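K.L.:
Just to be clear, the model below is a prediction. Sequence and coordinates:
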Amino acid sequence: MFLDGFRNSFCWYCEEIKGQDWQLAKETELIHQRNQIRGLYEEFAENSLINEKLKKATFANYVPPSPDLDSAKHAYIDFVKNYDPDNPQSLLVIGNYGTGKSHLAVAATKEFMKQEKSALFIQVNKLFTKITSTWNKNSELTEGKLMEIIASVELLVIDDFGAEFTEKDKSQITWKVTKMNEIIDSRCGKSTIFTTNFTISELSAMYGERDFSRMIQDADPIEMYGDNYRLRKFQKEKGEFK
């Protein structure tokens, strides 16, 4: 115990060192959490759920063919730029095939990781294939660890949202929808990007209005409609494919 200049007693450890210890412990815990998430991501990335062609996707190499798609690109860029961990937002990106929804989502994932934030891109059908593969007793990755990764990352991209409803087996659809609900519940308080080829009304009908509205309650909509760029090189001047 010491006396200050006014002869008031004070504890130097309590006032100075303890505060520094608390700050150091807090910083150490944050580093530990980031390293843990990074380790989980590296483990998961060995069995990436990103299409090989999409791995090269960046904001720079996406050339929007229309003003609407240019606006969508900048909405993605602003989403990454304005990310606030204390007020995480989500995106629901709707559009037809081949307009670059997945391309821009992969680009956003990369930009998050460049900023040392954790991000993960998963394509829905590949995700469910991956989950079932963890049931194999020889699998090094457990379903619990996979779900932990999905819940932990600061940004999760769910590509081709709603694709589970294309399954012909109704029991499989039920299982997949239940699992998707579990995933989205685990993301409470974190950012998620949904890309889909379905309309809002179609998704609402598939998931049920109550569950669907809960899923996207913090999501801003982006529309990406236009020509399928995958067919662009086959299009002729007369536009037979348009």
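P.N.:
It's in. Numbers count the residues shown, from 1 in each chain.

K.L.:
Dihedrals phi and psi, residue 168?
P.N.:
Torsion angles at residue 168 (phi, psi; degrees, to the nearest 10) stand at phi -80, psi -30.

K.L.:
distance of it from residue 215?
P.N.:
Note on residue 168: its distance to residue 215, by C-beta to C-beta, to the nearest Å, is 24 Å. C-beta here means a position set from N, CA and C on the backbone, and glycine is covered the same way.

K.L.:
can you check residue 75 too?
P.N.:
From residue 75 over to residue 215 (counting by C-beta to C-beta), the distance is 20 Å.

K.L.:
So between the two, which is more surrounded?
P.N.:
The neighbour count for residue 75 versus residue 215, taken as other C-beta atoms under 10 Å, is higher for residue 215 (24 against 17).

K.L.:
Return the residues in contact with that one.
P.N.:
Contact analysis of residue 215 by C-beta atoms under 8 Å, 6 or more residues apart in numbering lists 181, 184, 194, 207.

K.L.:
For it, give me the pLDDT.
P.N.:
At residue 215, the pLDDT value in this model is 88.

K.L.:
what ranges of this structure fall below the confidence cut-off?
P.N.:
1-49, 228-242 (pLDDT under 70).

K.L.:
Leaving out sequence neighbours, find the closest residue to residue 83.
P.N.:
Of all residues not flanking residue 83 in the chain, residue 191 sits nearest, at 6.8 Å (C-beta to C-beta, 6 or more residues apart in numbering).

K.L.:
My read is that the one you found contacts residue 156, right?
P.N.:
Yes - checked against C-beta atoms under 8 Å, the pair residue 191 and residue 156 is within contact range at 7.5 Å.

K.L.:
May I ask which helix or strand encompasses residue 132?
P.N.:
Element membership of residue 132, judged by DSSP states H and E, is helix 124-133.

K.L.:
next one: residue 176
P.N.:
Element membership for residue 176, per DSSP H and E: helix 170-186.

K.L.:
following that helix, which helix or strand comes up?
P.N.:
Per DSSP H and E, the first helix or strand lying C-terminal to helix 170-186 is strand 191-196.

K.L.:
Which neighbouring elements make contact with that following strand?
P.N.:
Here strand 191-196 touches strand 90-95, helix 101-114, strand 155-159, going by 3 or more C-beta pairs under 8 Å, 6 or more residues apart in numbering; DSSP states H and E.

K.L.:
nearest to residue 59, of those?
P.N.:
Set against residue 59 and scored by C-beta to C-beta, the helices and strands packed on strand 191-196 come closest in helix 101-114, at 4.5 Å.

K.L.:
Next, the buried residues of the closest one.
P.N.:
Neighbour-count burial for helix 101-114 flags 101-113 (criterion: 16 or more other C-beta atoms under 10 Å).

K.L.:
residue nearest the centroid of this protein?
P.N.:
residue 156 (1.5 Å; C-alpha atoms, centre = their mean).

K.L.:
Look at the residue nearest to that residue when sequence neighbours are not counted and say how many residues are nearby.
P.N.:
Here the nearest residue to residue 156 in space, its sequence neighbours aside, is residue 192; by C-beta to C-beta, 6+ apart that works out to 4.9 Å. A count of neighbours around residue 192, defined by other C-beta under 10 Å, yields 24.

K.L.:
Surely residue 200 is in contact with residue 94?
P.N.:
Yes - Residue 200 is within contact range of residue 94, at 6.7 Å (criterion: C-beta under 8 Å).
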